[in-house]
Structures are given as structure tokens and as C-alpha cells.
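In: structure of the sequence below:
(chains A and B)
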Amino acid sequence: MTPEQPASADVISIGGIEGRSPTQLAWERLKHDHTAWVSAAVVGFFVLIGLLAPVFQRLVHTSPDAFHPEALDANRGALPLGSFGGMSGVHWLGVEPRTGRDVMLRFVFGARTSLSIALTATIVATIFGVIIGLLSGFFGGKVDQVLSRIMEIVLAFPSILFALAITPVLENLLQSAGLQQGNQTRIPVMIFVIAMFGWPYIARIVRGQVISMREREFVDAARALGASRAHLIFRQILPNLWAPILVTVALNIPTFITTEAALTFLGAGVIEPTSDWGAMLLDSVPFYSVDLMYTFIPGMALFLLVLAFNLFGDSVRDALDPKSSR
Amino acid sequence: MSLGKKTAALVGALALGVTAFVAAPTANAEATKFNGPAPAIPGAVKGGTLTILNQGDFEHIDPARNYVGGTLDFYRFFVRTLTQYRTYKGVTTLVPDVAADLGTTKDGGKTWVFKLRTNLKYEDGSKITCADLKYGTMRSYNDDILDGGTTYAKDLLMNPTGFKGPYTDPTGDLTSVICSKNGDSITYKLQQAVSYFPYVTTFGSFSPVPKAKDTKQNYDLHPVSSGPYKIASYDRGKQMTLVRNTKWDPKTDPARWNYPDKIVVKFGFDQNALEQQLVSDSGAARTAMSLDTNVITNLPTVLASPVKYKSRFFSFVSPYARYYAINMDTVKDLNVRKAIQCAIDLKTILLAAGGTNAGTYSNSLIPSSIKNGYRNFPICGRDVHKSPEAQIAAAKALLAATPGAKMDLILAYRDKGIEPDRAAAVQQALEAVGFKVTMSKLPRAGFYTAIGKRDVGVVEPDVIQTSWGYDWAASSGIVYALLDGRTMTATDAHSNYSRQNVPALQALFAKADLITDPAKADKALGDIDQKAIQDYAAVMPAYFETSNFIVGSKLGGVQADGGYGTLSPLAAYVKK
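Out: Alright, predicted model coming up:
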């Protein structure tokens, strides 16, 4: 006889019933999602190497911009000496053809550039998109019509082409305002251009959510109590929107990373010698048939990072909104 | 004379035969050898269509306006000039073309007389006359309408009546060009003695143009052919088709061949796509070549399998000297200039350009193919061919011995292709010895004008990464243009980018002006080049560029042309 057995089971089952906030529920679901863990680890890895870039520089005793002629074969098209793009104890991921710059250092410093531009652009686009979406959804009517048309116009633009065209114009504007030519003007322009074409996606989602929410009872209750519009928008509605915003942000980051790399690849991006993954890919293209490693490293990293961010975004969405089908 | 134009227009698309050595104009005794026809190319067969695939259309094919290497070579299919180059079996020789000899002078080079061939015909069967030759020169004076060409005629010929060209001045005459009564010789009177004049007459402003057929700007669309082919159709930017000119007689022409039945030139290809097409040798590319496309991005692929590409790959030294001009106006101290010479690391520079397949180190602005002008001398104590690396200790010692040395340098370079990489290499090398380098990246267009600018208030660069492609293979085509301070004005250094104006060197130039023997002139100018580099540190030479062209497997007779420094289709044939 083991009378305690069912009793203890009861205790456990009773203990399992407890009040849990939607956040806690989502967290529980996320914790048991293996994809989420792996993709978060991959994202974390790239962020970490970006943060630790100066440490890597100390380890290999060179700078990402320093030329290393001794690592190149002058008689074979200035390709790296040795196999796998010149991988060695000194240059762990090999060297660039023609310049001999250390690929690993360019890669880790490139992670900094690529990620920080993409993340800053995400923040700018999110703030702008959320505000416009809130205003458009809450006020409706003419305000909504005007803002929605603007969103549609921006979405209809061929964004990359437009970005390529507008970059020099914006740069000239900044330079005539006294800023120096180079990355100090180019990077802000890139962030602006990426964010400019990214915000309507967030704004549209927020607008839709606000419209479905502005007539809900708790909003009406607050309105009846005489709450100001600002209070209604920012205190009543916005806190209920963070789940869809979070999902959009998580899915926007990889898009922006690709856009950043594409802009640099097409020549409207980060200016040499500052390293960047898009620039590395661009530089490596002529050599892909003879020095595959050089193309493979930034290409694979971009692929992994974008994939990981996308999977992570999906996991976050699933966790926050389990009803949505996959 | 400013040759910067050609350099500006075509850097990276020109080349010169590796063994090419343009023979000096010789006495008339040898002229008999220069009668037609041109010696047959071994194995060549007649027939077929030669295809030329180009990125861009020709800038100009009007002989008065053409000043681009690849086109200067190509337009000989339908344009004959007073003298011309013939490349055969790797040797380039100056030969009489419309002329029957290479010119004679009795006053040391101030007056030149050329005998003329009298049995030449245009594509319409009409006779090529001495008057046409004179008219061809006269129309080059209307360079306001016919822009883009060389200015040699205008710069060198006397013009006592101030003739302004036949369009502006229809009744005027260029009295310094004189046809003999029976039209079998032509005389040119020059402002001063020019020993290299027979080279100058290879340019299009010395080609016959029938006055009745001159359509001004539209002559650019259809020059009346005097060569083995004539233009059948020319759709600018798209395609040009050449067919045989049956009125051309090979027996009158020592410089041209006519193997293919037809020549088709197509324009509008992308550099990378075109390279790929030629390297992969598929379909129509098998009988094709390009005049304006060096193998750059695909070079490592070609080098990786040397045997496979051997018969189709042409790698030869181009006339392009890549060098660094050191501004003697802003960097006044000789020791600092010498320290710059020591600090510049030719090895990283050439690696950034693609390694030893992209160029050959040089200690001089004169290429080693100009035998009388070139000599190997050490710079900063090193033979750059053996030790191209920076001499860091020597540079530091020079700077340490110079109190108040100028340590802040502005490095000017052109925003194009590999130029920024090479500039970065120089920046690192200069900073390694203690200089502080400000990078001045200048736009591609207008670069050569910008770096020559000098004026109160102009911030001049201290070190200039630039290049020079000579117009003829003699010291005179290089040293006068790059180091002669006498052409400099208060606002414009012209192509004397170093702002060289040392009295001792100017005196040597004045002496060299008087030398009429080409070999001795080459040597005297070679002395100036050596002194300017070694004693005055006016420039730091880096390398002569290598041209790398690839052609289709069904083409034969294609050769590196020493006259224009490009791959020449002139003797090409289509294999059966």
C-alpha cells in the first residue's frame, strides 16, 4: 500500500494551478522551444564577437586595416599564401587577396558595423513607426487617411533603387551643413535610408491593432473618466501592443541587416577601409573561383545571422500568440 | 604638349608589346623595305567574321578626333596616316604609310619633307592626293568643332597667318604645310626643331581627308576609308560593321593585313560579363576579342590554369607608368622628399594592384623597352627590382637629420578601381616612418586637371598617385611631359605634377632640345629622368602596368601592338 502516492500527485496538481501573466506564459512557451534557444545562441554569438572585436585585435597583434604583404603570393595574382584563403596561426581566418588584411579582424569589426547600423535603424524605424501607427489608428478619419496614404506611397517605392539614388543627395546636404565627407556622414545617411523604408511595416501593424482596441471597454472606461488623449494612447493602448511590436522588430532586424549589406554591396554603403560584411562580400566576388573561403566567411555569417534572427522572431511570435497558425 | 588626355581617357585599357621596341626613324636607304604588302602572318587564312566585343563605343573615329589607344590601333582598318606603326612577330617598326619614306630634314628637324605614295585610292575609287593630306591637318585646327583629338599639329607647326581651321576660316591657308607641284611630296615647317616628328605623324591629324566629303562632326560616323576595310554600317552605341574595301591595294601598304571578310564590333557589354564570356570561350566568343577589356576580376582564374589558357592569353607590359609625384613646391626640403622615396613600399603597392601579374617594378619613368633612355639606378640605396620594400630605417634617419621637417602630407589619388587600395598602402607606408597622411580622394572625372592646379589659395597635394601613358616609345614622349618645368604657368603645372623647376635640370632640357639624333636624345632625356629622381627626388616611380587580354580560341594573328600599347586586331584571322 502506498496511500501517499495519489495524495502527493494531488498536491502537485493543485500546486500547478496558479495565476500567470501572459508574459509568464509566453516565457514558459519560449523556454521549451529548442529553435528559439539555438537561434538565440547564434545571434548572441555574433553580437558577442562584435562586442569583443578589440579583444580579438589584441590576440592577433594587428589591426583590421593593416596590410600584410608577407601573407600574399605576389606571383599568383596576389592571392593569400597557403590553403583555405591563407588560414594560419597568425591569420585565423586567412587574409584578403591583394591587401593581406586579416579576414578575422575584418569580420569581427564588420559584425560591429553591420549589426550596429541594422539595430540603430531598427530602433529609429520602430519609434517612428509606432508613433505614426498609434496616431493613425487612434484618430482615424482624415489623419488616418493622410498617414495611411503616406505609408502606402513609401511601401510602393522601389526602396533599394531609391536608396542608391538618394544617398549622394543626402550626403551632400550633410556635407554642406559642415559635416566631413566619409563614414561620419555615410553611416547616418544609411541608417536614415533603411529606417525610412522600414517604418511603414510597423506603423501598419500598430495602426490595425489600435483600431481594434480603441473602442474596447477599458479604453472607453478611461475616456469616460476624462483621461486625456495622450493618456489613452500611451498609457491605455500602447502597453497592450508590445507583443506585436516585439514580433515585428524581431523580424525587421534580419531584413535591415540584409538591406545594409545590400546597400554596401551596391556601393551606397560603408566606405573603405571601415570593414563591413556587405563590403567584404563585394570585395570577395572577383575571387570566388580562386579563394572561396573569402566569400564563404561573410556570406555564411550573413546567412546564419539572418536565419537565426528570423527563426527567433518566429519563436517569439509563437510564444506570444499561440493561436496564430504556423 | 599635353598627353594627359589619353591617360585620362584610357587608364587600364592600354598596353604595349613586351618585346616591343619601336625602331627609330632611319635614313632613306632603308625606306625601300617599307613597301607593301605587309609580310604574311604564318598560318593565316582569309575569310570569316572577326568579332570585337567592347564595353563602350569608340569615343571618336574621325581621324582628327581620335586619341584613345585601342581605337588608334583599330581605326587603321579604314584610316591611313602619313606614317604608321607595323607590328610583326613582336617587333614594332615605324613605317611610311601614305608617305613613301620616313621623312627627311636638312635643318636639324625644323623642316620635314616626306615623299608620298601616288597610287592610293579611297573607298569610292577616287585618288588620295597631297591636298587631302594637307586638308586633314587643316581641319584639326578647328578643334572647337572637332574636339577630342591630339593637338600636335597645332602645337608644332608654324602658323604665321593665324589660321583657325577651314570651318572658321574658309579662305585661310595653313602655309606651313606645302605640297610639291606634282603632288609627290609634302613639306612641314615646324616652330622649332622636333627630332621625333615622324612619330607624331602617325596620329590622325596627319591623315588624308577629301574636302568634298568632309561632313564636319558627322565625319565621325563615316570617315572615307583609305584602308583595307570600309564602314558598311555604324549604329552608335550598338554595332559597327566593316566590309572589305576593294579599292585598297595591299601592295601599297606595308602596315596592314586583310584576312577576315567582315569585322563586326559590338558595344555595350559589362566588364565582368564580357570577361566571363571571353574566358569561357563559348559560342560567338570563340571568334571574338575586346579592345577595351583587360582581364581583371577573372585573372586569378586564368592564372590558376596557365596551360589551358596559354594560347589565348596575352600578357604584356603596357605604356602606363604608375608613379608618385612629389610636389617640390610644397615639400621643399630635399631630405623629406628623399624620405618619402625611401618610405614608399612598392611591394604592397603592386600587391594591391594584383601582384607581379599586374605590373613590373620600375625605378624610372622611362620603360626598359626604350633602350637608350632607360637605365637601372638605385633609389634610396635599393634596386627596386630586387628590393621593392620600404627602407624604413633610411627614411627615419633622413627625417631625424632634418630639423623642422614637414611631417604632415596630403596624398591625392583618383577614386577609381584599385587606386584607393594602392593609396591606402602608401598611407600605411608613409605613416610607418612617422608622417601623418591626409587622404585626398578626388573624383574620377577631372582628376588630371585638379592635380596640376597651382595657385594662391589652392591647397596642393604633397604626394600625387598618378600615371602616364606615352604617345610614342621614346624618352621624348615621357620626360618632356612629366618633368619639364618650362611649360608650367602660375596657375597650372600641366602634367609636370612634381612642379619640377630646378635651374640645373631646365638647363639640361634646353641642351636636349637641340639634339636631333633620336638615340642621343633618348639618352640625354634619360639623364634628366635619372637626375630628377635620384638627385632631386621629384618622383617615386612604382611600376609599369601589365595588360592582360584574352581572345577566342578560333582567332589567330592577334598580337600585342608596340605602337599603341594595346592588343591589335590588325593581323587577326579566323581559324578554319
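
In: the helices in the stretch 351-500 of chain B, which residues?
Out: B:392-400, B:419-432, B:447-450, B:479-483 (DSSP state H, counting those that start in this stretch).

In: if you could redo that for the stretch 1-150 of chain B, that was the one I meant.
Out: If you assign secondary structure with DSSP H, counting those that start in this stretch, the helices in the stretch 1-150 of chain B sit at B:4-10, B:69-74, B:130-139.

In: what's downstream of the last one, the next helix or strand?
Out: Pointing back at helix B:130-139 there. helix B:152-156 (DSSP states H and E).

In: quick one on the thing from earlier: between the helices of the stretch 351-500 of chain B, which one is closest to A:L225.
Out: For the helices of the stretch 351-500 of chain B, proximity to A:L225 was assessed by CB to CB; helix B:419-432 is nearest, at 64.7 Å. (Glycine included, C-beta is placed from N, CA and C.)

In: buried residues in that closest one?
Out: Burial within helix B:419-432, assessed by neighbour count using 16 or more other CB atoms under 10 Å in any protein chain shown, is assigned to B:E419, B:P420, B:D421, B:R422, B:A423, B:A424, B:A425, B:V426, B:Q427, B:Q428, B:A429, B:L430.

In: what about B:G237, neighbour count?
Out: One way to gauge burial is a neighbour count; for B:G237, by other CB atoms under 10 Å in any protein chain shown, it gives 8.

In: repeat for B:T491
Out: Summarising burial for B:T491: neighbours were counted as other CB under 10 Å, giving 11.

In: also B:K310?
Out: Counted with other CB under 10 Å, the burial measure for B:K310 works out to 9 neighbours.

In: with B:T241 instead?
Out: 16.

In: ok, what's across the strand from it?
Out: Bridge pairing for B:T241 (DSSP bridges) gives the partners B:S233, B:V264.

In: return the member of the buried residues of helix B:419-432 nearest to B:I370.
Out: Of all the buried residues of helix B:419-432, B:R422 has the smallest distance to B:I370: 24.6 Å, by CB to CB.

In: tell me the confidence at that closest one?
Out: The model reports B:R422 with a pLDDT of 92.

In: identify the residues contacting the nearest residue to it once chain neighbours are set aside.
Out: In space, not counting the residues next to it along the chain, B:R422 is nearest to B:A352; the distance is 4.7 Å by CB to CB, 6 or more residues apart in numbering or on different chains. Residues in contact with B:A352 (CB atoms under 8 Å, 6 or more residues apart in numbering or on different chains) are A:F67, A:A78, A:R98, A:T99, B:I418, B:D421, B:R422, B:A424, B:A425.

In: now the residues you listed as TSV including distance to B:H385?
Out: Output for the contacts of B:A352, formatted as TSV (distance: CB to CB, whole Å):
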residue	distance to B:H385
A:F67	21
A:A78	18
A:R98	21
A:T99	23
B:I418	22
B:D421	22
B:R422	19
B:A424	24
B:A425	19
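
In: please name the nearest non-neighbouring residue to the residue in the stretch 101-250 of chain A that chain B sits nearest to.
Out: Of all residues in the stretch 101-250 of chain A, the one sitting closest to chain B is A:Q181 (8.3 Å; CB to the nearest CB). In this structure, A:Q181 finds its nearest non-sequential neighbour in A:Q175, 5.8 Å apart by CB to CB, 6+ apart.

In: go ahead and confirm that neighbour touches A:G182.
Out: No: with contacts defined as CB atoms under 8 Å, A:Q175 does not count as touching A:G182, sitting 9.6 Å away.

In: domain parsing for chain B?
Out: B:35-266+B:551-574, B:317-547 (automatic domain parsing).

In: pull up the distance across the shortest one, start to finish.
Out: Yep, that's domain B:317-547 we're talking about. Criterion CA to CA, to the nearest Å; first-to-last residue distance in domain B:317-547 is 6 Å.

In: now do it: distance to the chain's middle.
Out: In terms of CA atoms, centre = their mean, to the nearest Å, the gap separating the centre of domain B:317-547 from the centre of its chain is 18 Å.

In: same check on the longest one?
Out: Centroid separation for domain B:35-266+B:551-574 versus its chain: 16 Å, with CA atoms, centre = their mean.

In: excluding its backbone neighbours, what's nearest the residue of the stretch 101-250 of chain B found nearest chain A?
Out: Here the residue of the stretch 101-250 of chain B nearest chain A is B:G237; by CB to the nearest CB that distance is 23.2 Å. Spatial nearest neighbour of B:G237, chain neighbours left out: B:D57 (4.9 Å); criterion: CB to CB, 6+ apart.

In: for the one you found, what are its contacts?
Out: Contact partners of B:D57, counting by CB under 8 Å, 6+ apart, are B:R236, B:G237, B:F267, B:G268.

In: rerun that using 10 Å as the cut-off
Out: Contact criterion CB atoms under 10 Å, 6 or more residues apart in numbering or on different chains gives B:71, B:234-240, B:265-268, B:292 as the residues in contact with B:D57.

In: max pairwise distance over those residues: which two?
Out: Maximum pairwise distance among the contacts of B:D57 (CB to CB): 17.9 Å, between B:D235 and B:D292.

In: which one's more surrounded, those two?
Out: Comparing B:D235 with B:D292 by other CB under 10 Å, the one with more neighbours is B:D292, at 26 against 11.

In: wasn't that one part of a strand?
Out: No: using DSSP: H, G, I helix; E, B strand; the rest coil, the assignment for B:D292 is coil, not a strand.

In: next one: it from B:A560, what distance?
Out: Counting by CB to CB, to the nearest Å, the gap from B:D292 to B:A560 is 15 Å.

In: what's the answer for B:T466, then?
Out: 24 Å.
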